[in-house]
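> 3D, please:
(2 chains)
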There are 2 protein chains.
Amino acid sequence: MDTEERKALIERFFYPKSIAVIGVSSNEKAFTTLYLYALMKFGFKGKIYPVNPRGGTIYGLQMFPNIQEIPDSVDLAIVGVPGKVVPSALEDCLAKGIKAAIVLSAGFSEAGDEGKKLQKEMNTVIAKGIRVIGPNCFGIYCPSGGITVKPGDNFPKENGPVALITQSGLFTEMIVLQSRGMGIRFSKVISYGNASDLNEADFLELLADDPDTKVITCYIEGVKDGRRFLETVRRAVKIKPVLIWKAGQTEIGRAAAGSHTGSLGGSEAIWNTFFAQSGAVRIDSIETLIDNTIAFLHLLPNCGRRVALVSGSGGVAVTGADICERSGFTLPAFSVDLQQKIRSFLPPVIAGLRNPFDLADPFPPAEVLTPVLETIAGSGLIDTLILQRIFLSVKGPRFVFGTLPVPEEGRERLKEIPVSIRDRFNIPVVMVLNEELSDDDKIEFETDRRLLRSYYLAKGLPVYPTVERAVKALANVVRYKERFHKEVGLGGQS
Amino acid sequence: MDTEERKALIERFFYPKSIAVIGVSSNEKAFTTLYLYALMKFGFKGKIYPVNPRGGTIYGLQMFPNIQEIPDSVDLAIVGVPGKVVPSALEDCLAKGIKAAIVLSAGFSEAGDEGKKLQKEMNTVIAKGIRVIGPNCFGIYCPSGGITVKPGDNFPKENGPVALITQSGLFTEMIVLQSRGMGIRFSKVISYGNASDLNEADFLELLADDPDTKVITCYIEGVKDGRRFLETVRRAVKIKPVLIWKAGQTEIGRAAAGSHTGSLGGSEAIWNTFFAQSGAVRIDSIETLIDNTIAFLHLLPNCGRRVALVSGSGGVAVTGADICERSGFTLPAFSVDLQQKIRSFLPPVIAGLRNPFDLADPFPPAEVLTPVLETIAGSGLIDTLILQRIFLSVKGPRFVFGTLPVPEEGRERLKEIPVSIRDRFNIPVVMVLNEELSDDDKIEFETDRRLLRSYYLAKGLPVYPTVERAVKALANVVRYKERFHKEVGLGGQS
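Residues are numbered from 1 along each chain as shown, chains lettered A, B, ... in the order given. Below is the predicted model of the structure:
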């Protein structure tokens, strides 16, 4: 695609001024009607023209019996008629001069031989001069363009730096909603289903070029053109990180992908090679997608392999050290001088002064935590600081102390310390906030943990529920930085 | 150990009638005083004798200036004096005729050469005829004996089928509290620290023999006698599953373990061999410990490798299939007859009738869900049923529908269906209840999810937050069953 072509696609699909929704019915639970509802409720600022052969009104809008009668030009058509009439609906769009359509309808290559034939038929119409996303998809969510997918009326209105291209409509919804509470906001989200025309490689090209997008994430069941996809990813990763979840890699998974989006998967071995060659980050679940997105947003460019792991308790220091070493990190030993300096801030009972460092107090006073972290962060020995099981929240101590009286003073002040350390020493600080209580009647602790998590994420400190997940995500960022961001190289004091 | 010896240890350590707490001070935040507080608050029914050289009273109890003045026999001594005076405190215990002591005090082999010398000195006293758990530990939690660790005053009072032996005092607390909301209850929990006398192999022997314990879980930093440990585990796994988290396997982790419990770790290669030979289940985090415990409690003896994966949406069916195949499960194809039968209950739009089965409706009506699951469970093709992203809860649909009106009718009835299928077809049903919303102001959905999770766990259906975690835990149970429980073999309809 040339620059003009990319620009035209971006304008029509992500920033349309007028949208026709073809196939709206008076049944409020029908898919296309739900789409229309979401678009209106989300607050699309342009013009919306619902199309239904019987006319009438819906949600206060006039329905047009056919697209030709819309008294205006249309930038984007949303096609949600039954599969069999999609080709003729696209012909109508062409006649109206529409150059971009999203086909929501199902019943194409995912639905056996009949469906495959129908998809071919549709493609002959597409070849006449209209670009199509879909079929069998949920649409596009682009907050800066005021548009959303079905069912995305409750998606955030704010723009953000993350793009998502996904073959599963459901994952559009799951990923946006699950990551919302983790502070992740999106530039452009594309549910693209069977990819009969525009496909994953096209979207990657658009997004690599998009100044609003800093991290690209993908859920892919099968690619149309392996060689082009590899080349496109290779170019994209040099500009920004590309996180790819390739599903349908196993035999059964491939068969399932076939009946989900009509995709041909490619064997696991092929994909192993792809990830080794391309430099894309391999994702294997919604959790790892979110974990890694947060890491890439907050840890570039300063993170590195020399880690200090500071814990409030001993057991988690041991297990944290295991995970760091397995993931290729070093925990530099503290020099005798450094040990002496740290010791001067601590009560005499503390035995080992190693890295991982066990504070032996899950709720240290600020007068201890601040100078200890300052000393470690300022030592010149480390690139990244991980804080684990230090109760920086207000309610945290209450469950450790059980029914004992709890020291509440100074707890709010305590939570600012990691932010201040990051700011003053320019060293990434990663927070591990465990979900300590799973009881259905102890939800107040989870609320407290989430508030604290929101606080840190808003300040740009990544937060993980376990040190395992923190270290695995950090490892991907460091690997990416070493491979593609060497010139940035601001990390560390060395 | 012979039977008599085991019986005596169980009586003295887990069911003492009188406990002396040596080293209580008037400082309420001192470790030994916190221990006393937890024991009293937990509701120990026997006699408690605090010992403090200065006498006086604490929490309404008389403090004895020394152990000889206690006007009664003492079954168990809790020793919490400063490390250096532990040997003489144990001498006093011997003089009083006490045969069992738990040494909470730190400052032994975990604390350098001085500490190692002190531990040797203590061991010469132990050799005179007292059995010791510790030093550097948190004690024992045994609800049926009415005793608890520090800080375990808020631990459940009910007995349960899971035992835990752990070298980390902190993990005693974290594991009991994190698993409480997952319906896990304990028979005996032992925090054993440096293991200067009784060690992991002794506890395994006791617990393998314990009729109250159905599953043994362990967190171990280092073993005293590798050969004996391997033999003990081999014997134990033939009686009940043994789940072992071996920390300190990497070089840095081993060093950290050294300064935490004075343990010598053993290389990762040695432990790989150990797990292959022993049949113990390998654990690597608190999450996997809890996941696997739930699986072993609820899935033996009927689970098997032939799985049906039923999802409310397509994307999760594809990714779920990948995970099943990677973990060694088969998803048997549905026969044409079976497909026809299932199709008769479904709306005509549903395309594929494969396994994994995509219901294409995350909130199916009971009139659809019941006969579909009955048909699959009764097909004779499968051993285990996994249900994924079907919103069986009351609030679930509300966030999928966003601001749309939500069909509330029949939702409470819906949640009983999986339980009924399990009961009528004698096939394990595994529930996947995703955490869909992470927002700090959407906690009501998490509350709802936890209530639903509690409901299923109470009915004996394991619940996981992701299909990955469900399948990994299930795989361990099936492997264990195939290796050690062949004679049970009730699973499947084949």
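
> who's in contact with A:A208?
For A:A208, the residues meeting the contact criterion (CB atoms under 8 Å, 6 or more residues apart in numbering or on different chains) are A:I216, A:T232, A:R235, A:A236, A:I239, A:K240. The C-beta positions use only the backbone N, C-alpha and C, and glycine is treated the same way.

> ok, now A:R469?
Shown in contact with A:R469 (CB under 8 Å, 6+ apart): A:E287, A:T288, A:D291.

> Cross the residues you listed against helices and list the overlap.
Judged by DSSP state H, helices contain the following of the contacts of A:R469: A:E287, A:T288, A:D291.

> Go ahead and confirm the last one touches A:Y464.
Yes. Between A:D291 and A:Y464 a contact is recorded at 6.5 Å, counting by CB atoms under 8 Å.

> Pull up the overlap in contacts between these two.
A:A470, A:A473.

> Please report phi then psi for the nearest residue to A:D72 once chain neighbours are set aside.
Sequence neighbours aside, A:S18 is the residue nearest to A:D72 in space, at 5.9 Å (criterion: CB to CB, 6 or more residues apart in numbering or on different chains). For A:S18, the backbone dihedrals are phi -140, psi 140 (criterion: degrees, to the nearest 10).

> Now do the contacts for A:S18.
Shown in contact with A:S18 (CB under 8 Å, 6+ apart): A:G46, A:K47, A:I48, A:Y49, A:D72, A:S73, A:V74, A:D75, A:L76.

> Of the contacts of A:R469, grab the buried ones for PyMOL.
Of the contacts of A:R469, the buried ones can be selected in PyMOL as follows, counting by 16 or more other CB atoms under 10 Å in any protein chain shown:
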select buried, chain A and resi 287+288+291
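
> filter the contacts of A:R469 down to the ones close to chain B.
When contact is defined as CB under 8 Å from any CB of the partner chain, the contacts of A:R469 meet chain B at A:E287.

> if we take the contacts of A:R469, which one ends up nearest to chain B?
Nearest to chain B out of the contacts of A:R469 is A:E287 (CB to the nearest CB; 6.5 Å).

> Name the nearest residue to that closest one, ignoring sequence neighbours.
Per CB to CB, 6+ apart, closest to A:E287 is B:T466, 6.5 Å.

> who wins for neighbours among the contacts of A:S18?
Greatest neighbour count in the contacts of A:S18, by other CB atoms under 10 Å in any protein chain shown, goes to A:L76: 27 neighbours.

> Quick check, A:R389 in contact with A:S311.
Yes. Applying CB under 8 Å, one finds A:R389 in contact with A:S311, separated by 5.5 Å.

> got the contact list for the closest residue to A:S285 other than its chain neighbours?
Leaving aside its chain neighbours, A:S285 sits nearest to B:E468 (5.6 Å; criterion: CB to CB, 6+ apart). Contacts here follow CB under 8 Å, 6+ apart; on that basis B:E468 touches A:D284, A:S285, B:I323.

> Count the residues that sit near the residue nearest to A:E287.
Neighbourhood size, B:T466 [other CB under 10 Å]: 21.

> one step back: in terms of neighbours, single out the busier of A:R389 and A:S311.
A:S311 (27 against 23).

> Make sure that one is actually in contact with A:A317.
Yes. Shown here, A:S311 and A:A317 form a contact pair, counting by CB under 8 Å, at 4.3 Å.

> Against A:V281, how distant is A:R483?
In this structure, A:R483 and A:V281 are 11 Å apart, going by CB to CB, to the nearest Å.

> With neighbour numbers in mind, choose between the two.
When A:R483 and A:V281 are compared for neighbours, A:V281 comes out ahead with 25 against 11, by other CB under 10 Å.

> Enumerate the beta-bridge partners assigned to the more buried one.
As for beta bridges, A:V281 partners with A:L243 under DSSP bridges.

> And A:A95, how far from chain B?
A:A95 is 29 Å from chain B, where distance means CB to the nearest CB, to the nearest Å.

> who touches the strand or helix carrying that residue?
Per DSSP states H and E, A:A95 falls inside helix A:86-96. Outside helix A:86-96, the residues within contact range by CB under 8 Å, 6+ apart are A:20, A:22-23, A:66-68, A:70, A:74, A:77, A:79, A:81, A:101, A:103, A:105, A:118, A:121-122, A:124-126, A:128-130, A:132, A:135.

> Now do the helix or strand in which A:I165 is found: which elements does it pack against?
In the assignment (DSSP H and E), A:I165 maps to strand A:162-166. Counting contacts by 3 or more CB pairs under 8 Å, 6 or more residues apart in numbering or on different chains; DSSP states H and E, strand A:162-166 packs against helix A:169-180, strand A:186-191, helix A:200-208, strand A:215-220.

> What's the mean pLDDT across the third one?
Translated: helix A:200-208. Here helix A:200-208 scores 97 as its mean pLDDT.

> Please apply the same query to the longest one.
Across helix A:169-180, the average pLDDT comes to 91.

> What helices and strands are in contact with that helix?
When contacts are defined as 3+ CB pairs under 8 Å, 6+ apart, helix A:169-180 packs onto strand A:162-166, strand A:186-191, strand A:215-220, helix A:286-299, helix B:314-326.

> could you give the angle of it to helix A:286-299?
50 degrees (axes from the mean of the first three to the mean of the last three CA atoms, to 10 degrees).

> Buried ones in helix A:169-180, by neighbour count?
Buried residues in helix A:169-180, counted by 16+ other CB under 10 Å: A:G169, A:L170, A:F171, A:T172, A:E173, A:M174, A:I175, A:V176, A:L177, A:Q178, A:S179, A:R180.

> now the nearest residue to A:A295 once chain neighbours are set aside: how far from chain B?
Distances taken as CB to CB, 6+ apart put A:A473 closest to A:A295, at 3.8 Å, once the chain neighbours are dropped. Going from A:A473 to chain B by CB to the nearest CB gives 15 Å.

> Many thanks, I have nothing further to ask.
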